[in-house]
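Visitor: Below are the sequence and a predicted model; questions follow.
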Amino acid sequence: MNPFHYERADNAAAAVALLAQSPTGTFLGGGTNLVDLMKLGVAQPELLVDVSRLPYDRIEPLVDGGLCIGAMVRNSDLAANRTVRTRYPMLAQALLAGASGQLRNLATTGGNLLQRTRCVYFQDASKPCNKRVPGSGCPARAGYHRNLAILGASESCIATHPSDMAVAMIALDATVRVLGPHGERIIPLTEFYRLPGDEPQRETVLEHGDLLTAVDLPPLPFAVHSRYRKVRDRASYAFALVSVAAALDLDDDGTIRDARIALGGVAPVPWRARRAEEMLRGAPATEATFRRAAEAELAAAQPLPGNAFKLPLARNTLVRTLLDLTRDVTDVTEGATR
Amino acid sequence: MADLIGASLPRPDALGKVTGAARYPADLIQAEMLHLHVVFAQRVHARIVSLDTSAALRYPGVVAVLTAVDVPYNAYGLIEDDQPVLCHEEVRFEGDKVALVVAETPDAAAEGARLVAVEYEDLAAITDPKAALAPDAPLAHSRLKSNVLLHVPIRKGDTAAAFAEAGVVIEDEFSTSWQEHAFLQPEAGIAYVDEQDRVVIETAGQWLHEDRRQIASILQLPEEHVIVRYAAIGGAFGGREDLSLQHLLALAAWKLRRPVALAWNREESMIAHHKRHPVTIRCKWGATRDGKITAVEATVIADGGAYASTSVEVTKVATLFASGCYEVPNISVDGYAVYTNNIPCGAFRGFGAPQAQFAAEIMVTRLAQALGMDPIEFRKRNIYREGSLEPTQQPLPDGVSALPVLERCIEEASKHINVTRAETQTMPHLRRGIGIACGIKNVGYSFGYPEQATATVELNGKAELERAVVRLGAADVGQGTHLAMRQIAAEALGLALEQVSLIAESSAEAPNAGSASASRMTLMGGRAVYDAAIEARARWSANEDYYAEATVQYRPPQTTALDAATGAGLPNYCYGYAAQAIEVEVDTRTGQVQVLKVVSAHDVGRAINRQQVEGQIEGCLAQALGYALLENFQVRDGHVLTPHLSTYLLPTVLDMPPEIVPVILELADPNGPYGARGVAEMALVPFAAAVACAIHDATGVWLKQLPMTPERVLVAIHQAATPSSAAQSSKEQQ
């Protein structure tokens, strides 16, 4: 590992100011991804500013009925939070589907959003990678890309975003609070991540020195009926081959009033499935509808030989999740009228 | 004191291993030691143009940089000396070692390693074993004339005539992949020169005396000037049969005459030590209408990687078992071990048998189905019996229990699994299926390889015999052999377990027991201990010295090399027989396969410690499940792409079947102590095929490639559902 300086910030403004002076420096949260990358020689920051003890470790209600999640809240604490479990079950499920118990105890909300891809070429400093060394090339396209993207990729990069939590949050229309050298701003999560294009090294709209301080969830009452389903190679401690976060709002007659859907494991960003949502609104909650919505969302997919299986996998998983949600909603409705 | 045999006695080492008190090799590293760091080639095939150590030597804390010129005899290997300790002119895979940096601290050693400047000229690399067979293929070893390390033919009867008369003939191709041993404790150790000028290596391994032989050869020292000691061993599975870093420790300690230490991290372990062979098997099976298998033809190609390791023996085993555990009158099999510039392959639990029988057991099931017969009944008609002729044309060694093991497996399975029909489907996309498979694997060394184990038993007491010391150089790799050996000695001597102690850790203090591998230590080491105990006891009774000792070398019935043209010969002196019944649930929407139940039946001859036998079966099933479904080692153009346990996925407890039923038969082996034969590898042999058969039962599709990942299952289901591709790739004629 390269030598580096370590500073612990006393307050957020000081942390931002510290980092602004160090062009290769970075913030340290739980360190569950960053420290690995440093050991691998993939990340070589000269300065680490430890922000894990800044006072952003609270989960608090917002005046609009939503929820404010501090950026330093640990994944395990967020997953165990009663409000999250009851009002946003897909978020609790997504968190618990990620990593291992030990990692969740350390990993922070902000760090989870900013974790890097697990593409094997990105993680191997001896290989070319446009994300790690811009312009060096992408061996994944002709190489090992089983776990990589079928949507939103570019010639220069087909990496997938690894987070489970972010998939649920992007489906929930979360917003991110950012403190930067020029003050505070709020960014919708749907505008937070960048598709790789020609600049796969730029993964978010953040500028150097920007610090995540919180994630806000809108009230979204129908998210009480939401699910996160993750397909992975083994039963725990594995990244998603495909995952689906979905919430459904149904009329009494089974017509879909509204829906929120996002996909994980298929794109360089947590993939908000807006086309599928549009197809669902106003349609009957049937398997045929769900299948059409899934096909519409995946129509733009550009699979490669080694990851083409993600197309049927994503379609089947999305349909299955929506069917399960429909049953959840119907069961509750029938229970209430009985 | 009696009834020690078969008792589920607790392991004396268990508490220390779960509390952390046990001292593994990395725990032996002390403050004043020098630290080593290996400079790996990271080139697939290249000529070393220049190697400059001056910058590394200038780095503060670096004491020395050793290169090829520092190695007295720069070649080693278990069977063939074809691997350089430190590469001189050429590197042949990315884990080849070119220099060894010695420094005051691990950090200085690592930094020094980065400063070793090596200039390479890339050479044409060969990484596809089939392509490596072509006459004009690039050579993995420039000095050789061919990439073929071994071609072994086995010929019996007349396959052409048999196929012409067969009622059903099926032909297909299967492929298996690399597997990583993934022992919990990566390679580590220390070495120093003692006051008698002997070099002492304290590490982990599977065979003290073979490690000593190879290290003595490298250092050009008499063997007694080298002492190998094993600390607690954190798993092996064949992965510690080859030298990995033991000889590097010895070299540095001997050259610098200072204590040295080296502990690899997981990534170094993954790229540097050998793997299970990927094998392709093209085969053709024929049977008569009344259900007799009459002919098997196969071509078995094993990717040996850059160095020989045990590829020759593994490939012979795979070739021998191409027809499974069935008596087939007409056989024509060609096995090839091929050099490539991929990571070397060598010993791994099962040693060629799981690969061969993945293909064989699927083919047997398909033959039965093509004939409209029950696959169990079909197996019973063809399975090895006492006196059956092997493919090598000689009768099997006595104690053939393949049929009773299968029958007992089915009997037990019927209590746990509805073997005739899978349980009611819970959801339409979740389909359940049952798979049955059998397995055979040799116990002990094969094909004329020298086989022996030597034990010493020392008896002390006064009027009565009071205590015994057993000396046996047997590695306890986690399987519990040290307790089993004491149980055997205590029973033979009529002593309590506490009265018997074992000295097994040092090549200087215990005689050669051979390796802890090939499922052999209970049979071979145990028999030597038993014979020495009986002999010492007789000497005790015959004198008044209050002391007696005996050293006995046990040699099992002789095996022979295979005839170069026909493969005729006596390949083995003992076999283990296994049968499994498995229930799976396949999610047809995701391709995920969950193994729900496993009934795993094994003839162990005699269970010396029942709990440990069950532990071996259950532990082996975890490794088998990883091999069948999950472990997906990626090598592209010679580069390992999955050197982390985050990218090479092993099964977790949640992936294991909720119900495992180990079934133990005790049909005595004629040579084993109390009739014991080996079990360590057996559960891996039939498992992948049993899972494939269960997937077929559930979905109607055959998986022919390991591991059986979700995408392979999905593709197979999709192809079967698509009319245009419904015509199977395999040829079935009736």
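Guide: Structure's in. What do you need?

Visitor: Could you list the contact residues of the stretch 201-338 of chain A toward chain B?
Guide: Within the stretch 201-338 of chain A, the residues that sit near chain B (CB under 8 Å from any CB of the partner chain) are A:231, A:233-238, A:241, A:309, A:312-313, A:316-317, A:319-320. Bear in mind the C-beta positions are built from the backbone N, C-alpha and C, glycine included.

Visitor: now with 10 Å?
Guide: Counting by CB under 10 Å from any CB of the partner chain, the residues of the stretch 201-338 of chain A close to chain B are A:229, A:231-239, A:241-242, A:306-313, A:315-317, A:319-320.

Visitor: shouldn't residue B:609 be in contact with residue B:490?
Guide: No. In this structure residue B:609 lies outside contact range of residue B:490 using CB atoms under 10 Å: 11.9 Å.

Visitor: Looking at those two, which has the bigger crowd around it?
Guide: Shown here are residue B:609 and residue B:490; by other CB atoms under 10 Å in any protein chain shown, residue B:609 has more neighbours (25 against 22).

Visitor: If we ignore the residues flanking it in sequence, what's nearest the more buried one?
Guide: Distances taken as CB to CB, 6 or more residues apart in numbering or on different chains place residue B:484 nearest to residue B:609, at 5.4 Å, with adjacent residues excluded.

Visitor: could you give the mean pLDDT of the helix or strand in which that neighbour is found?
Guide: According to DSSP states H and E, residue B:484 maps onto helix B:481-493. Taken as a whole, helix B:481-493 has an average pLDDT of 98.

Visitor: For it, what is the distance to the chain centroid?
Guide: 25 Å (CA atoms, centre = their mean, to the nearest Å).

Visitor: got any residues that touch both of residue B:609 and residue B:490?
Guide: Residues touching both residue B:609 and residue B:490 (CB atoms under 10 Å, 6 or more residues apart in numbering or on different chains): B:4, B:5.

Visitor: Nearest residue to the residue in the stretch 101-250 of chain A positioned nearest to chain B in space, please, no chain neighbours.
Guide: Across the stretch 101-250 of chain A, the shortest distance to chain B (CB to the nearest CB) belongs to residue A:235, at 3.5 Å. Of all residues not flanking residue A:235 in the chain, residue B:654 sits nearest, at 3.5 Å (CB to CB, 6+ apart).

Visitor: did I read that right, the one you found in a helix?
Guide: Yes. Counting by DSSP: H, G, I helix; E, B strand; the rest coil, one finds residue B:654 located in a helix.

Visitor: so it sits right up against residue A:236, yeah?
Guide: Yes. Contact criterion CB under 10 Å: residue B:654 and residue A:236 qualify, at 5.2 Å.

Visitor: what about these two, which has more around it?
Guide: Shown here are residue B:654 and residue A:236; by other CB under 10 Å, residue A:236 has more neighbours (15 against 11).

Visitor: show me the contacts for that one.
Guide: A:96, A:97, A:98, A:99, A:100, A:101, B:652, B:653, B:654, B:655.

Visitor: Which members of the residues you listed define the maximum pairwise distance?
Guide: Largest separation among those by CB to CB: A:98 and B:653, giving 18.1 Å.

Visitor: Could you pull up the contacting residues of the residue nearest to residue A:235?
Guide: By CB under 10 Å, 6+ apart, the residues touching residue B:654 are A:234, A:235, A:236, A:237, B:594.

Visitor: One more: residue B:454?
Guide: Residues near residue B:454 by CB under 10 Å, 6+ apart: B:209, B:471-473, B:510-514, B:524-525, B:528-529, B:531-532, B:551-555.

Visitor: Now do the SS call for it.
Guide: strand.

Visitor: which one is it nearest to, not counting chain neighbours?
Guide: Using CB to CB, 6+ apart, the closest residue to residue B:454 is residue B:511 (3.9 Å).

Visitor: Tell me which residues touch the one you found, please.
Guide: Residue B:511 makes contact with B:208-209, B:452-456, B:471-474, B:528, B:532, B:551-553, according to CB under 10 Å, 6+ apart.

Visitor: Now with 8 Å, please.
Guide: Applying CB atoms under 8 Å, 6 or more residues apart in numbering or on different chains to residue B:511 gives the contacts B:454, B:455, B:456, B:471, B:472, B:473, B:551.

Visitor: Chain A versus that one, what's the distance?
Guide: 44 Å (CB to the nearest CB, to the nearest Å).

Visitor: Look up phi and psi at that residue.
Guide: With angles defined as degrees, to the nearest 10, residue B:511 sits at phi -70, psi 170.

Visitor: ditto for residue A:85
Guide: phi -70, psi -40.

Visitor: count of residues packed around residue B:242?
Guide: Neighbours around residue B:242, by other CB under 10 Å: 25.

Visitor: Same question for the one 3 residues further on.
Guide: Residue B:245 sits with 26 neighbouring residues when counted by other CB under 10 Å.

Visitor: from memory it sits against residue B:191, does it?
Guide: No. Taking contacts as CB atoms under 8 Å, residue B:245 lies outside contact range of residue B:191: 9.8 Å.

Visitor: which residues are in contact with both of these two?
Guide: Taking CB under 8 Å, 6+ apart as the criterion, residue B:245 and residue B:191 both touch residue B:203.

Visitor: What average pLDDT does stretch B:100-116 get?
Guide: Throughout stretch B:100-116, pLDDT has a mean value of 97.

Visitor: if we can go back for a sec, is it correct that the residue nearest to residue B:609 is in contact with residue B:607?
Guide: No. Look at residue B:484 against residue B:607 with CB under 8 Å: they stay out of range, at 9.7 Å.
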